[in-house]
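Novice: mind folding the following:
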Amino acid sequence: AAACKPERAAPAKGLSGQGYEGHQLWDQELYMGQVLTLLAPQAARAGLAFRCRTLPEARARAGELSCRGAQYPWRTIDGTEASAFFPAGAAQHHINADIAWAIEQYVRCTGDDSILREGGLEVLVETARFWMSLGRFGPDGEFRIDGVTGPDEYTALVDNNLYTNLMAATNLRAAADRMADAAATDASWHARVVDGLQLDPEEPDRWRAAAGAVLVPYDEDLAVHGQDDSFLRLPRWDLDATPEEDFPLQDHHHLLTLYRHQVLKQADV
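Specialist: Numbering: from 1, shown residues only. Below is the predicted model:
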């Protein structure tokens, strides 16, 4: 499916079904991207090129969310957000970091840094800017990212989702590192990116500071990392007492009920 339409990303369910109306979901970069980078790098690159081409749409989406930078869609065909259900969909801001991680993975594994010169570096910078706009430094100096949904769609609109925070930190570091690499290896390219993005010289330092201070939820009593600030305080869903015909839970229980319990749809932490 990834090879059939190289100018487009691969749709959910590939060529085997019409679920999700042919839309591409965030899974592409994390689940498919790892495999494609190692086994079919040309297909992985095509998917990343799609993200580079749709940076203008991602910038527009960030503006709709009153943020700087770029926010990539959770579900899309042409680069615009196709999900109207924001709690479990559009609030999954980690898609930005998933794309940044996939760009880093591709360059490191293949040695092909041309994707950075063909828009990938701008993607890293604009997604880093989004995290700085979405997050904030708290009174304790920790960098917080509130009101997001992680990969687990049974736990929506939480503060400091662990996955989101750690992936955002990798995004921020990658943007700073790649800008530094560009400055060291190709001054004219670096200057074009700085000028084109109107980059403040101090921005990369702020990205590194946020990455180093990102809040990582941890429960001292249980000695485990929590999925977010509040997950471990919620009552556990009694799976043993749930009839088999009640699965999947979302088909039989209101999502608000699921949001108020410790129960997972997708593995997160």
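Novice: gap between the residue nearest to Ala97 when sequence neighbours are not counted and Arg117?
Specialist: Distances taken as CB to CB, 6 or more residues apart in numbering place Met167 nearest to Ala97, at 3.6 Å, with adjacent residues excluded. Every residue, glycine included, has its C-beta placed from N, CA and C. Applying CB to CB, to the nearest Å, the value for Met167 to Arg117 is 24 Å.
Novice: looking at these two, which has the bigger crowd around it?
Specialist: Met167 (24 against 14; other CB atoms under 10 Å).
Novice: output the contacting helices and strands for the helix or strand hosting that one.
Specialist: Using DSSP states H and E, Met167 sits within helix 162-185. Applying 3 or more CB pairs under 8 Å, 6 or more residues apart in numbering; DSSP states H and E, we find helix 162-185 packed against helix 95-110, helix 121-134, helix 187-197, helix 203-213.
Novice: so of those helices, which one's packed in deepest?
Specialist: Here the criterion is mean neighbour count by mean count of other CB atoms under 10 Å, and of the helices and strands packed on helix 162-185 the winner is helix 121-134, at a mean of 24.
Novice: dump it to PDB, restricted to CA.
Specialist: Listed in PDB are the C-alpha atoms of helix 121-134, where the atom choice follows Å, rounded to 0.1, in the frame of the first residue of the first chain:
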ATOM      1  CA  LEU A 121      14.400  20.400   8.800                       C
ATOM      2  CA  GLU A 122      11.600  22.900   8.500                       C
ATOM      3  CA  VAL A 123       9.200  20.200   9.800                       C
ATOM      4  CA  LEU A 124      11.500  19.600  12.800                       C
ATOM      5  CA  VAL A 125      11.600  23.300  13.600                       C
ATOM      6  CA  GLU A 126       7.900  24.000  13.200                       C
ATOM      7  CA  THR A 127       6.900  21.000  15.300                       C
ATOM      8  CA  ALA A 128       9.400  22.100  18.000                       C
ATOM      9  CA  ARG A 129       7.800  25.600  17.900                       C
ATOM     10  CA  PHE A 130       4.400  24.000  18.400                       C
ATOM     11  CA  TRP A 131       5.500  22.300  21.600                       C
ATOM     12  CA  MET A 132       6.900  25.500  23.000                       C
ATOM     13  CA  SER A 133       3.600  27.200  22.200                       C
ATOM     14  CA  LEU A 134       1.400  24.400  23.600                       C
END
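Novice: now that helix: average pLDDT?
Specialist: Mean per-residue pLDDT for helix 121-134: 98.
Novice: lowest average confidence, helix or strand, in this structure?
Specialist: One helix or strand of the chain scores below all others by mean pLDDT, DSSP states H and E: helix 27, with a mean of 74.
Novice: quickly note the distance from the closest residue to Gly79 other than its chain neighbours to Thr76.
Specialist: Nearest non-adjacent residue to Gly79, counting by CB to CB, 6+ apart: Thr54, 2.9 Å away. For Thr54, the distance to Thr76 (CB to CB) stands at 8 Å.
Novice: next one: Ala100
Specialist: With CB to CB as the criterion, Ala100 and Thr76 are 17 Å apart.
Novice: what residues are up against Trp26?
Specialist: Residues in contact with Trp26 (CB atoms under 8 Å, 6 or more residues apart in numbering) are 74-75, 92, 94-95, 98.
Novice: how about 10 Å then?
Specialist: 12, 72-76, 89, 92, 94-96, 98-99, 151 (CB atoms under 10 Å, 6 or more residues apart in numbering).
Novice: confidence score at it?
Specialist: At Trp26, pLDDT is 76.
Novice: coming back round to it: ok, which of the helices and strands packed on helix 162-185 comes nearest Val263?
Specialist: Val263 lies closest, by CB to CB, to one member of the helices and strands packed on helix 162-185: helix 95-110, at 23.0 Å.
Novice: send the alpha carbons of the closest one over as CSV?
Specialist: C-alpha atoms of helix 95-110 as CSV (Å, rounded to 0.1, in the frame of the first residue of the first chain):
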residue,chain,number,x,y,z
ILE,A,95,1.6,13.1,16.0
ASN,A,96,4.1,16.0,15.7
ALA,A,97,6.7,14.2,17.7
ASP,A,98,6.0,10.9,15.9
ILE,A,99,6.8,12.5,12.6
ALA,A,100,9.9,14.2,14.0
TRP,A,101,11.1,10.9,15.4
ALA,A,102,10.5,9.1,12.1
ILE,A,103,12.6,11.7,10.3
GLU,A,104,15.4,11.1,12.7
GLN,A,105,15.0,7.4,12.5
TYR,A,106,15.1,7.5,8.7
VAL,A,107,18.2,9.7,8.5
ARG,A,108,20.1,7.7,11.1
CYS,A,109,19.3,4.3,9.6
THR,A,110,19.8,5.1,5.9
